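Enquirer: 3D, please:
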Amino acid sequence: MSRARRKSDGGPKGQRADRAASAGPLPPGRRHLKRVLIGVAVVGVIALIAWLARVRTHPPVEPEHPESLSPEIAAYLPPFIQAVRDAPESATAHATLGLVYEANEMWPEARRCFENASDLDRTDPLSAYHLGLAAIELKDDAAAELALRLSTKRNREFAPAHHRLGLFYLDAGDLERAQPELDRAFGLASDDVVTRLALGDLKLRKGDAAGAATILEDAARAAPNNATVRHLLGTAYKELGREDDAARQFKRGRAGGARFMIDEWSKKLPGHAMSLSRQMARATAYLNAGRYAEAAVILEKSLQFHPDNPDVLNNIAIAKMNAGELDKAGVYLGRALAANPTHALTHVNMSALAARRGDLEGALVSATHGVDLAPDLAEAHRKRAAILLELHRPEEALVEALRTLELDPDSGNTHLGLARAYAELRRYPEAIAEFRAAIEDDANLPGAHVGLVEALILSGDRVAAAAALEAATQALPKHPMIRDLASRHADLAAPTK
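Expert: Reported below is the predicted structural model:
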């Protein structure tokens, strides 16, 4: 007897069950396809969840105290914040925003940006490196060490991370851990003077003054105008008992100067530095390098936010004056004077402008105003001494030059002004000593080299003059003043060996 077939209950569930029963099991191929499709769907959902979580955890870092931002920074930030909103997964966008914050010393914000960038690109040594720099500034030593070590692990050839990690240990007094990192940095970038500087510092701290002196002498030959190298070399000489050598190095040196390597991202920082102090420093660097048009562009941008700032106006005037645009310089100085009639440097710069126009009496009046307004301002006395010399009043110029020496004894320009006053008075031994002091302070002063050669000739010492001329041509071989000097005195005898 056949089994009785179960009747359907007639409902939808029953109908589906009947169909499934009648269909039988899926063939093996279709079962595999089904599993694959389910797997793909699960992976897609997981990826979507991870992406959404990542977006949520990497929003743009905004200023912690927007109300305290300078107008320049407040105007500069929005496009960089928007770039992160547009591409929240872009490590580059987060890092660039971090550099903007770093350039303007907004360290908590910079740190969070570099954390995001480092998390989004876990192969990049630069994001970890700048995360370490931010942690150092925030005095979080544990986080700084961790980030710098991470940077070195991500790229063993990245010298700045090894160098900064070595300095981190050096400053912490951990000389044994500093040694391999500084050695590694030197091996990777021996042509960078700061790697030698760090090794010299390490040897000094280990008590090896002779070894330090050897390394630092090499660094001084490579970078003769590096004040930090000179100061540290003076320290090594002092510990060796070479007091005179130490004194000479200390005179040319300065503690606390640059000691870090410059990485690719750090080269971008000046372009993002929007605070007035940073912009002024950047413009001053361009002025000192003779890049007057670039200095003026930076300062004119700052002027948009600080239209009555006498320092900004004065520096634009200096840029225009040195570029030969005397009328424009006069306009800016006029605005500076209107903004603050008692700003002494404005009167000093008006003196310089009057002298450039040939009005020496007017220049003297302005320089005297500067001295009266700021009796302790070396630049005012220096300018007044220079004008008095041009007016052939050397006795009065000497008084001003000596006062400048009291106020600013370590400046090559101070010694140069004093030397010129002595030379005008035909006091050649004193003039020669001051010209030499000017060159020792700053070997790049062409006027000091020219004055020394001329004073030596006038004093009758042609052999010493020939030696000074040779030194001048070695120091500044392409400078037109030195070339003219060599042409005028081609008959000088070669110095004796």
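Enquirer: isn't Leu364 right up against Leu389?
Expert: No: the criterion here is CB atoms under 8 Å, and Leu364 misses it with Leu389 at 11.0 Å. The C-beta positions use only the backbone N, C-alpha and C, and glycine is treated the same way.
Enquirer: hmm, who's touching stretch 437-452?
Expert: Contacting residues not belonging to stretch 437-452 are listed as 224-225, 248, 251-252, 410-416, 419-420, 423, 431-432, 435-436, 468, 471-472, 475-476, 479, 481-482, 485 [CB atoms under 8 Å, 6 or more residues apart in numbering].
Enquirer: equivalent analysis for stretch 302-317, please.
Expert: 70-72, 75, 276, 279-280, 283-284, 287, 295-296, 299-300, 329-330, 332-333, 335-336, 339-340, 343, 345-346, 349, 353.
Enquirer: please check the residues you listed and keep the buried ones.
Expert: In the contacts of stretch 302-317, burial by neighbour count holds for 72, 276, 279-280, 283, 287, 295-296, 299, 329-330, 332-333, 335-336, 343, 345-346, 349, 353, counting by 16 or more other CB atoms under 10 Å.
Enquirer: let me know the pLDDT of Arg35.
Expert: The confidence metric pLDDT takes the value 68 at Arg35.
Enquirer: narrow the contacts of stretch 302-317 to those in strands?
Expert: Among the contacts of stretch 302-317, none falls in strands (DSSP state E).
Enquirer: buried ones in the strand or helix carrying Ala236?
Expert: Using DSSP states H and E, Ala236 maps to helix 227-239. Under the neighbour-count criterion of 16+ other CB under 10 Å, helix 227-239 has 227-239 buried.
Enquirer: want to throw those into CSV with pLDDT and distance to Thr195?
Expert: Formatted as CSV, the buried residues of helix 227-239 follow (pLDDT from 0 to 100; distance: CB to CB, whole Å):
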residue, pLDDT, distance to Thr195
Ala227, 86, 17
Thr228, 91, 13
Val229, 92, 12
Arg230, 91, 17
His231, 91, 17
Leu232, 94, 13
Leu233, 95, 16
Gly234, 94, 20
Thr235, 95, 18
Ala236, 95, 17
Tyr237, 95, 21
Lys238, 94, 23
Glu239, 95, 22
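Enquirer: of those, which is the nearest to Asp124?
Expert: Of all the buried residues of helix 227-239, the one sitting nearest Asp124 is Thr228; the distance, using CB to CB, is 29.9 Å.
Enquirer: pull the contacting residues for the closest one.
Expert: Residues counted as contacts of Thr228 (CB under 8 Å, 6+ apart) are 197, 253-259.
Enquirer: all helices for the stretch 201-350 of the chain, in order.
Expert: With DSSP state H, counting those that start in this stretch, the ranges of helices along the stretch 201-350 of the chain come out as 209-222, 227-239, 243-252, 269-272, 276-288, 292-305, 310-322, 326-339, 344-356.
Enquirer: can these go into a markdown table with extra columns for distance to Ala490?
Expert: Putting the helices of the stretch 201-350 of the chain into a markdown table (distance: least, CB to CB, whole Å) gives the following:
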| stretch | distance to Ala490 |
| --- | --- |
| helix 209-222 | 29 |
| helix 227-239 | 34 |
| helix 243-252 | 31 |
| helix 269-272 | 43 |
| helix 276-288 | 32 |
| helix 292-305 | 33 |
| helix 310-322 | 31 |
| helix 326-339 | 35 |
| helix 344-356 | 31 |
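Enquirer: which of these sits closest to Ser459?
Expert: By CB to CB (comparing all of those), the closest turns out to be helix 243-252, at 23.4 Å.
Enquirer: so how far is stretch 205-216 off the chain centroid?
Expert: The chain centroid and the centroid of stretch 205-216 are separated by 27 Å under CA atoms, centre = their mean, to the nearest Å.
Enquirer: for it, the averaged confidence score.
Expert: Stretch 205-216 shows a mean pLDDT of 95.
Enquirer: need the residues that contact that stretch.
Expert: Applying CB under 8 Å, 6+ apart, the contact partners of stretch 205-216 are 170, 175, 196-197, 199-201, 203-204, 229, 232-233, 236-237, 239-240.
Enquirer: out of these, who's nearest Thr152?
Expert: Leu170 (15.5 Å).
Enquirer: name the residues of whichever strand or helix holds the closest one that are buried.
Expert: Element membership for Leu170 (DSSP H and E) is helix 159-171. The neighbour-count check on helix 159-171 (16+ other CB under 10 Å) flags 159-170 as buried.
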